[in-house]
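1. After the sequence you'll find the predicted model.
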Amino acid sequence: MYEFIQDLPKVELHLHIEGSLEPELLFELAKRNQIDLPFESPELLRKAYDFQDLQSFLDIYYQGANALRTDQDFYDLTWAYLQRCKADNVIHTEIFFDPQTHTERGVSFDTVINGIYRAMQDGEREFGITSQIIACFLRHLTEDSAFETFTSINTHKDKIIGVGLDSSERDHPPEKFARVFQHAKQAGFLTVAHAGEEGSAQNIVDAIDMLSVSRVDHGVRCVEDQALVKSLINSQMPLTVCPLSNIKLRVFDEMHQHNIVELLRQGVAVTINSDDPAYFGGYMTDNFVAVSEAHPMTKQELAQFTLNAINASFINETLKANYR
Ligand code: HPA
Ligand code: ZN
């Protein structure tokens, strides 16, 4: 089954580019930018990746992002991720980035987007991997800060297909961003949001109703509301599920308790994604393998994850038909 998974074309819809920063590259960037790290080696840093919950991960993830300073740093980060995509037969990827994580510490929006975008263009030319960018608002920051960030997003409309919402879900419900999302929609951006990862099923309902999302990121806590599960099946609202992330952040204790395969069999439009692969122990193939080892599946079921992801992607209909 490993070979089937490895060869299966894959589409990634939930990947934070800052979360693909491997310890080795982090050390290289720290040296390049003369930043002191509180760890002796990449190996020791990797050993410290032991998380209790979402917040304990985010604290370390934002620290890691601090090593990213120049256009070239963002290029190298994105290029390294695209090489992993090639190795895993990922044919299309939609990449999140967190503008505020960088602008808040004095790195300009242009520096970040230009580095990421340049690598994506090279990825398409050299590997044939198509990609899109989604800019996420940090939900622990204010609505004003999101609006300010949206001004920059809007000046890069040629490179950015949509806006998203990430960071601490508890205490920062979708409602806080209803106005900025409405604004983004009106300006022609598609919308997605993290919901139902650590937060309640109600956050999923609210992301759909108040933020008009095209996909829900994570969404695994939908099972706490059976009426919601029914409506997700009827509407074929995609969920971008991240299995290894959910184990590392203790959303589920063990992979055999994960609900993704049960949701697939019920007809929910679930997809498999890597979230923050450098921190959670694996890229796309690793996520597929981890799920299939804990939940034996047919090849057709495994391929359904890719079909769901193609349908849920933001690529145009002609290219979608090609990928199917
Ligand atoms: N959840 C919320 N915010 C995030 C995540 C996540 O899984 N990864 C990076 N930012
Ligand atoms: Zn995420």
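-> Arrived safely, thanks for sending. Ligands and ions are numbered 1, 2, ... in the order given.
2. Leu91 falls within a helix, correct?
-> Residue 91: Ile, not Leu. No. Secondary structure of Ile91 (DSSP: H, G, I helix; E, B strand; the rest coil): strand, not part of a helix.
3. list the contacts for Ala195?
-> Taking Cβ atoms under 8 Å, 6 or more residues apart in numbering, we find Ala195 in contact with Leu165, Glu169, Pro174, Asn203, Ile204, Asp206, Ala207, Val213, Val216, Asp217, His218, Gly219. Backbone N, C-alpha and C define where each C-beta goes, glycine included.
4. These: which ones sit near ligand 1?
-> Subset of the contacts of Ala195 in contact with ligand 1: empty, counting by Cβ under 6 Å from any ligand atom.
5. What parts of this structure come near ligand 1?
-> His16, Gly19, Leu54, Tyr61, Asp166, Ser167, His194, Glu197, Ser245, Asp275, Asp276.
6. before we move on, back to that, restricted to strands, list the contacts of Ala195.
-> Leu165, Val216, Asp217, His218 (DSSP state E).
7. beta partners for the second one?
-> Beta-bridge partners for Val216, by DSSP bridges, are Ala193, Leu239.
8. That one and Glu197 touch, don't they?
-> No. In this structure, Val216 is not within contact of Glu197 by Cβ atoms under 8 Å, at 9.7 Å.
9. the more surrounded of these two?
-> Between Val216 and Glu197, counted using other Cβ atoms under 10 Å, Val216 has the larger neighbour count: 27 against 24.
10. got the contact list for the more buried one?
-> Val192, Ala193, Ala195, Gly196, Ile204, Ala207, Ile208, Cys222, Met237, Pro238, Leu239, Thr240.
11. roughly how far apart are it and Thr103?
-> Remark: distance between Val216 and Thr103 (Cβ to Cβ, to the nearest Å) = 26 Å.
12. How about Gly164?
-> Counting by Cβ to Cβ, the gap from Gly164 to Thr103 is 16 Å.
13. So those two - more neighbours on which side?
-> The residue with more neighbours, out of Gly164 and Thr103, is Gly164; 26 against 17, by other Cβ under 10 Å.
14. Nearest to ligand 1: which residue in this protein?
-> Ligand 1 sits closest to Asp166 of the chain, with a gap of 3.6 Å, by Cβ to the nearest ligand atom.
15. doesn't Phe96 make contact with that residue?
-> Yes. The criterion here is Cβ under 8 Å, and Asp166 meets it with Phe96 at 6.8 Å.
16. list residues touching both of these two?
-> Joint contacts of Asp166 and Phe96 (Cβ under 8 Å, 6+ apart) are His16, Cys136.
17. and the end-to-end length of stretch 83-96?
-> The first and final residues of stretch 83-96 sit 17 Å from each other (Cα to Cα, to the nearest Å).
18. Could you pull out the buried residues of that stretch?
-> With burial defined by 16 or more other Cβ atoms under 10 Å, the residues of stretch 83-96 counted as buried are Arg84, Cys85, Asp88, Asn89, Val90, Ile91, His92, Thr93, Glu94, Ile95, Phe96.
19. what's the answer for stretch 262-282, then?
-> Counting neighbours by 16+ other Cβ under 10 Å, one finds that the buried residues in stretch 262-282 are 263-264, 268-282.
20. Which of the residues you listed fall in helices?
-> Among those, the members found in helices (DSSP state H) are Leu263, Leu264, Pro277, Ala278, Tyr279, Phe280.
21. And the pLDDT for the fourth one?
-> Here the pLDDT value assigned to Ala278 is 98.
22. low-confidence ranges in the chain?
-> Low-confidence segments of the chain (pLDDT under 70): none present.
23. Okay, and the closest residue in space to Thr93 that isn't next to it in sequence sits in which element?
-> Of all residues not flanking Thr93 in the chain, Glu12 sits nearest, at 4.3 Å (Cβ to Cβ, 6 or more residues apart in numbering). Per DSSP states H and E: Glu12 is located in strand 10-16.
24. That strand - contacts with which helices or strands?
-> Under the contact criterion of 3 or more Cβ pairs under 8 Å, 6 or more residues apart in numbering; DSSP states H and E, strand 10-16 touches strand 90-97, strand 215-218, strand 239-241, strand 270-272, helix 284-294, helix 299-312.
25. Mind putting these into JSON lines with distance to Asp76?
-> Converted to JSON lines, the helices and strands packed on strand 10-16 look like this (distance: least, Cβ to Cβ, whole Å):
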{"stretch": "strand 90-97", "distance to Asp76": "14"}
{"stretch": "strand 215-218", "distance to Asp76": "26"}
{"stretch": "strand 239-241", "distance to Asp76": "25"}
{"stretch": "strand 270-272", "distance to Asp76": "26"}
{"stretch": "helix 284-294", "distance to Asp76": "20"}
{"stretch": "helix 299-312", "distance to Asp76": "27"}
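26. Thank you kindly, that will do.
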